[in-house]
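>>> below are the sequence and a predicted model for it; my questions follow.
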Amino acid sequence: MKKDKLHIQWYPGHIAKAERKLKEQLSLVDAVIEVLDARIPLSSGYTNISGLLNGKPRLILLNKADLTHPAELKKWIDLIKEKSGVDVYTTSAKDSKDLNLIVKKATELAEPRIQALMSKGLLRRPARIMIVGMPNVGKSSIINKLTRSSKTKIGAKAGVTRQQQWVRINPQLELLDTPGIIPMKQENQECARKLAFVNSIGENAYSDELVANDLLNLLESKYETALREYYRLSDGEISIENVALSRNWLIKDGKPDIQRTSAYILKDFREGNIGKFILDDFEVNNESVV
Ligand SMILES: Nc1nc2c(ncn2[C@@H]2O[C@H](COP(=O)(O)OP(=O)(O)OP(=O)(O)O)[C@@H](O)[C@H]2O)c(=O)[nH]1
Ligand SMILES: [Mg+2]
């Protein structure tokens, strides 16, 4: 398998602006909902999130839970709850589960600040909560689900939401949708690669071939059986070339079509076709969850 070095760095202009805006709005909101991608519960989080949020009350949603196994995810929920000390819920665009509990919990998070404002003589106002998270984790989709509408724009790539947008959920709750923000420096390349796998990093920051190659390596180490079954690779090396040959994705002279196969591998993974996976390592990483 190819061993070319994959290095990911991505920080387009709109993110710098989004980050500034987020900091500006932080003082105006009562609490924050942090959305993580359930397939990478650790790598889709921010280091030092409590510091970044200036101590604002927070709850965590592990979204895209439909792309993971519930039993595996349960271990992560318990771990994150324990380490962060905040409420953690799972969500999924595919699941029509009632989101009333999340609305209720979010509204409750804001209550102490609203009470404090009222004690200063101000009138009661709706809870104001900001939704934050890496690009493409499903922030806008969650808002649309809560409002049973298409008030916010969504899309299967990083950087769909470009501006903050307030959305009224009910008379007691307003949510602020924000553009996904990725840290300026991708010091942890393992996290960066996983963010690329789930399409949280702009596609022009990397070559599909290098990322697909890396993804195959990781899936082989954690979920080899599912990977071999899906691509009908009963034995032999797991590689982009062999996937191409197995699928008959060829260019002229019967050579494997590496470009097309790489794009398909990423698509198959992102859509959950290969299987339901969690790519972070529970045993190795459980010290670093904050
Ligand atoms: N399978 C699955 N797909 C989801 C889920 N939630 C969102 N998606 C898909 O993920 C993609 C990204 O969703 P968005 O809601 O646009 O993500 P976002 O976090 O707002 O992204 P930015 O605005 O770019 O920061 C879309 O294609 C959604 O249809 C989910 O729970 N499960
Ligand atoms: Mg969005």
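Sure, I can see it. Numbers count the residues shown, from 1 in each chain. Ligands and ions are numbered 1, 2, ... in the order given.
>>> ok, for the closest residue to ligand 1 within the stretch 101-250 of the chain, nearest residue in space, not its chain neighbours?
The nearest approach of the stretch 101-250 of the chain to ligand 1 comes at G180, 2.5 Å away (Cβ to the nearest ligand atom). (Glycine included, C-beta is placed from N, CA and C.) In this structure, G180 finds its nearest non-sequential neighbour in P135, 3.0 Å apart by Cβ to Cβ, 6 or more residues apart in numbering.
>>> using the three-state scheme, assign the one you found.
Secondary structure, DSSP: H, G, I helix; E, B strand; the rest coil: P135 is coil.
>>> so for it, what's the pLDDT?
pLDDT, P135: 96.
>>> please apply the same query to V289.
Here the pLDDT value assigned to V289 is 52.
>>> what does V284 give?
V284 carries a pLDDT value of 56.
>>> for the stretch 1-150 of the chain, which residues are neighbours of ligand 2?
139-140 (Cβ under 5 Å from the ion).
>>> low-confidence stretches in the stretch 1-150 of the chain?
Applying pLDDT under 70 to the stretch 1-150 of the chain flags the ranges 1-4, 96.
>>> tell me where it has strands.
Ranges of strands in the stretch 1-150 of the chain, per DSSP state E, counting those that start in this stretch, are 31-37, 58-63, 88-90, 127-133.
>>> how about the ones you listed in CSV, adding mean neighbour count and distance to S140?
Supplementary listing: those in CSV, determined by neighbours: other Cβ atoms under 10 Å; distance: least, Cβ to Cβ, whole Å:
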stretch, mean neighbour count, distance to S140
strand 31-37, 25, 10
strand 58-63, 23, 11
strand 88-90, 19, 18
strand 127-133, 24, 8
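>>> test my guess that D66 contacts T90.
No. Checked against Cβ atoms under 8 Å, the pair D66 and T90 is beyond contact range at 9.3 Å.
>>> wait, A196 touches I8, no?
Yes. Using Cβ under 8 Å, A196 is in contact with I8, at 5.7 Å.
>>> so those two - more neighbours on which side?
For A196 and I8, the more surrounded residue by other Cβ atoms under 10 Å is A196, and the numbers stand at 26 against 19.
>>> the more buried one and R228: what is the separation?
To R228, A196 is 23 Å away according to Cβ to Cβ, to the nearest Å.
>>> repeat that for N136.
Counting by Cβ to Cβ - N136 and R228 are separated by 28 Å.
>>> settle it for me: which of those two has more neighbours?
More crowded of N136 and R228, by other Cβ under 10 Å: N136, with 28 against 17.
>>> gap between the more buried one and D280?
17 Å.
>>> kindly report the same for T107.
From T107 over to D280 (counting by Cβ to Cβ), the distance is 31 Å.
>>> would you mind listing what in this structure touches ligand 1?
Applying Cβ under 6 Å from any ligand atom, we find that the chain lies next to ligand 1 at 63-64, 66-67, 92-94, 133, 135-141, 154-156, 158-161, 179-180.
>>> now the buried members of these.
Among those, the ones that count as buried by 16 or more other Cβ atoms under 10 Å are 63-64, 67, 92, 133, 135-141, 154, 158-161, 179-180.
>>> okay, the closest residue to I15 other than its chain neighbours: pLDDT?
Closest residue to I15 apart from its sequence neighbours, by Cβ to Cβ, 6+ apart: I181 at 5.7 Å. pLDDT, I181: 91.
>>> part of a strand, is I181?
No. Secondary structure of I181 (three-state DSSP): coil, not part of a strand.
>>> which secondary structure elements does the helix or strand hosting N242 contact?
Assigned by DSSP states H and E, N242 belongs to helix 240-247. Other helices and strands packing on helix 240-247, by 3 or more Cβ pairs under 8 Å, 6 or more residues apart in numbering; DSSP states H and E, are helix 208-230, helix 258-270.
>>> give me the residues contacting the shortest one.
So that's helix 258-270. Identification of contacts with helix 258-270 by Cβ atoms under 8 Å, 6 or more residues apart in numbering yields 156, 197-199, 207-209, 211-213, 215-216, 219, 230, 240-241, 243-244, 247, 249, 273-274, 277.
>>> care to break this structure down by domain?
Listed by automatic domain parsing, the domain ranges of the chain are 13-177, 189-285.
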